[in-house]
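Enquirer: My questions are about this predicted structure, shown below with the sequence.
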2 protein chains.
Amino acid sequence: MHLLSSPLLTDLYQLTMLQAYFAGGMNGTAVFELFVRKLPEGRNFFMAAGLEQALAFIGQLRFTDEELQWIEASGLFRPDFARRLAELRFTGDVHAMPEGTVFFPNEPVLRVTAPLPEAQLLETRVLNLIHLETVIASKAARVVLAAEGKRLIDFGLRRSHGAEAGLLAARAAYLAGFEGTSTVYAGCEWGIPVFGTMAHSFVQAHRTEAQAFERFIEVFPDNAVLLIDTYDTVGAAHKVAEISRALAARGIRPKGVRLDSGNLAQLSREVRAVLDAADLRDAFIFASGNLDEYRIAGLLAQGAPIDAFGVGSSLVTSSDAPVLDAVYKLQEYDGTARRKRSPGKATWPGRKQVYRRCDADGRVVRDLVTLETEPGDGEALLEPVMRNGRRTAQAPSLQASRTYARSQLDRLPVWLRTLSDSVEPYRVEISPSLVALAETLDRASSAPA
Amino acid sequence: MHLLSSPLLTDLYQLTMLQAYFAGGMNGTAVFELFVRKLPEGRNFFMAAGLEQALAFIGQLRFTDEELQWIEASGLFRPDFARRLAELRFTGDVHAMPEGTVFFPNEPVLRVTAPLPEAQLLETRVLNLIHLETVIASKAARVVLAAEGKRLIDFGLRRSHGAEAGLLAARAAYLAGFEGTSTVYAGCEWGIPVFGTMAHSFVQAHRTEAQAFERFIEVFPDNAVLLIDTYDTVGAAHKVAEISRALAARGIRPKGVRLDSGNLAQLSREVRAVLDAADLRDAFIFASGNLDEYRIAGLLAQGAPIDAFGVGSSLVTSSDAPVLDAVYKLQEYDGTARRKRSPGKATWPGRKQVYRRCDADGRVVRDLVTLETEPGDGEALLEPVMRNGRRTAQAPSLQASRTYARSQLDRLPVWLRTLSDSVEPYRVEISPSLVALAETLDRASSAPA
């Protein structure tokens, strides 16, 4: 069994429901939609991500013999259940917003249309993947907006929530506009540029800080970024200057320095002055250490001469909003629209489309959520991506999705690009026919059953 | 390449440092310690977890041919680097606190003693694993304390940060005292009890709610937990009562009901009354829906007749504190203690032990962090777990670790068991010899280099 692709990476109730669907012959066409119910505090938009991983999971969905044996041996199911599962493949359709699309609460980002057991079984893992990458891309997009074009590197693997989270965080951050990551595996997997400097342990393991710098420059003559805050940041900058003078004759220069603690605004200015005085004007200053969009915006507002930022924990866990209220809900079964009415968790029924209208400058002005069959006004955001269990077209490259994500951010008006709640939320209209359908369903089901 | 075991799941700088260590012949013995710098707001203790996964990673550490080829082809390293990596295995020692141990800031939970390149290379993934499970176990322990013996089930997979996070969250929550999980794979992997009810989609896919309940009870006559909040919670409880009366003749009864929205305190009382009046006194009430330790404590304080709680997003992301300030720092190299002095991030040097003293009732009263060579007073918390790259003893069963974790929580005094910050932090003393060593190192390195 392979954790990342196993259909047993699911909630038990998906399997118990499947057994009941099989028992009842409930194989009609179901339509599920994935959406986020509300924005976290301080946020103005989401960025869709994780579709490629979700589609890969859906496309390869099957139970292995080992998994079926576990199910049989578990004693949790009827004897014939494993046999039914053995045949199960995904044969349905998927519509989705492309990765990198900006979206808002109550807008479906993914719609699955398939026989009920197939569509049901996808819920847990598809949510797990799309939730994670959307959480990270939505956070990363804010950091990108705050950094105003400065270079950004994901540094978060050590405190991401496990291996897959770290890897997909590197991907989602790159998608949203980061320049690269420290995670080597992400370089391997998708060709995302990988960056690295040195750790404090490297400096500490040498007899002196100067010796550590010299060794590193010898080994990486074209590429050395020196970490200068282990003992005394400005003192270390002077050591870098001295070493550089000695190396100048050989044409070797440090590429940059990294600050990881202290008052970064003040230290970056002092360090910049030391480097400039030593004729190291092209050596860049890289800053890290508990950074997020707010701290980066603050440093830039103070005019800190920082050229690049490493962002770790706050990015890869989206620490101020690690959870989105993302759900996957049945909207239609066997030709009839369905609606959940639980307090605070009611859904809009039916299969839907989202249309976006922009102004003359290309800035977004309004979204409209309609029934799929209704005519819309503007750009339709949900596209077919899988038909009868197969991709409708080749997946876009990560690079192409990243360019698209950039264009999505460029289309946001200034009031949605702020780091705090906008005064008014973005306008998402629900079409009159959708409201009418919800009312009809409510009337029908409040009649005595 | 397998994501979960790959040494390329690391920060690039670990590899660049290794190349510099190789180049400089720096193969002396290094001692790294893993600790957490501070408690998140509102928290009073941590619970150690993730050791087994970390040791499994360390024990199998090696670069595959495919990984070495990627390194060679990357152009990031010297031509001979991959050849050196091919030979690399972990040959050192590991000391650690057993999983389930309660610990506090600045106490090492894991110590690695090994040739510098080996010890350095572990940093990213060992932190990644121990951080994740410690985050979750520390959160789960609070939920366990709040639930006062009520049954707790992990429901979080869909919003955990990826596959490994979901799986390890199920493990860490079980370790900390949860009764089970909805994650099937965790049942498969460790025999953790798996639980499940039904989703709203199951109810919605049927023509009527009553029909959905009847079908589910037919398929799971011994084991049906019915979700009753899709349309109207108390109305649905009456339907359950009616259905049960009809089934009574056949000896079939629902096992329980689940509430997932609304005012759970009030609804649970109303539903309890309906079930009791229908002679369903043994049908339990299960509650879920945005629960955490605070809401559970609040519900129990109101006397809500809830028998079990499903806890999801807040548990598996530790949403109020998804990141701990966990670090892995060089404390000694080649026989000499080392100390980082970065502002706000200074470390205590040398290889250390933690001793815990308890009072006559067995409650913890004080910890002491000393040099390993010093005599201590109380129970020594760090134990040898790996010597020369091999486990010193068989791993304890997850069940045994869970029992130990329970005993650790039982030893906490009341003032550390509260859900908010205790008035005073727990006493963690630094031994005088450790303070003296730090001062000696500071004097030595502030002398001109």
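Expert: Done, it's in.
Enquirer: Quick check: buried residues in stretch A:382-393?
Expert: By 16 or more other CB atoms under 10 Å in any protein chain shown, the buried positions in stretch A:382-393 come out as A:382, A:385, A:386, A:389. Just so you know, the C-beta spots here come from the backbone N, C-alpha and C atoms, and that holds for glycine as well.
Enquirer: Can I get these in JSON lines including pLDDT, secondary structure and distance to chain B?
Expert: Below are those laid out as JSON lines (pLDDT from 0 to 100; DSSP: H, G, I helix; E, B strand; the rest coil; distance: CB to the nearest CB, whole Å):
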{"residue": "A:382", "pLDDT": "98", "secondary structure": "coil", "distance to chain B": "20"}
{"residue": "A:385", "pLDDT": "98", "secondary structure": "strand", "distance to chain B": "21"}
{"residue": "A:386", "pLDDT": "98", "secondary structure": "strand", "distance to chain B": "20"}
{"residue": "A:389", "pLDDT": "97", "secondary structure": "coil", "distance to chain B": "20"}
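Enquirer: Show me which pair in these is furthest apart.
Expert: Greatest spacing in those, by CB to CB: A:382 and A:389 (18.4 Å).
Enquirer: Alongside chain B, which residues does the stretch 251-400 of chain A contribute?
Expert: Residues of the stretch 251-400 of chain A lying near chain B by CB under 8 Å from any CB of the partner chain: A:260-262, A:313-314, A:317-319, A:322-324, A:326, A:328-330, A:333-334, A:338-345.
Enquirer: Which of these are buried, as a PyMOL select command?
Expert: Under the burial definition 16+ other CB under 10 Å, those of those that qualify are selected in PyMOL by:
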select buried, chain A and resi 260+261+262+313+314+317+318+319+322+323+324+326+328+329+330+333+338+339+340+341+342+345
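Enquirer: And residue A:302, how far from chain B?
Expert: Counting by CB to the nearest CB, to the nearest Å, the gap from residue A:302 to chain B is 18 Å.
Enquirer: Just want the phi and psi numbers for that residue.
Expert: Here is the backbone geometry of residue A:302 (degrees, to the nearest 10): phi -80, psi 0.
Enquirer: Skipping adjacent residues, who's closest to it in space?
Expert: Nearest residue to residue A:302, sequence neighbours excluded (CB to CB, 6 or more residues apart in numbering or on different chains): residue A:265, at 4.4 Å.
Enquirer: what's the answer for residue A:12, then?
Expert: Nearest residue to residue A:12, sequence neighbours excluded (CB to CB, 6+ apart): residue B:196, at 3.1 Å.
Enquirer: SS state for the one you found?
Expert: With DSSP: H, G, I helix; E, B strand; the rest coil as the basis, residue B:196 sits in coil.
Enquirer: who touches it in this structure?
Expert: Contacts of residue B:196 were listed using CB atoms under 8 Å, 6 or more residues apart in numbering or on different chains, and they are A:11, A:12, A:13, A:14, A:15, A:16, B:182.
Enquirer: and it, how far is that from residue B:233?
Expert: 20 Å (CB to CB, to the nearest Å).
Enquirer: go on, residue A:95?
Expert: Distance, residue A:95 to residue B:233, by CB to CB: 33 Å.
Enquirer: and what of residue A:270?
Expert: Remark: distance between residue A:270 and residue B:233 (CB to CB) = 63 Å.
Enquirer: With neighbour numbers in mind, choose between these two.
Expert: residue B:233 (25 against 13; other CB atoms under 10 Å in any protein chain shown).
Enquirer: Can you give me the pLDDT of the more buried one?
Expert: Each residue has a pLDDT score; the one for residue B:233 is 97.
Enquirer: need the contact list for the closest residue in space to it that isn't next to it in sequence.
Expert: Nearest non-adjacent residue to residue B:233, counting by CB to CB, 6+ apart: residue B:267, 5.0 Å away. For residue B:267, the contact set (CB under 8 Å, 6+ apart) comprises B:229, B:233, B:234, B:259.
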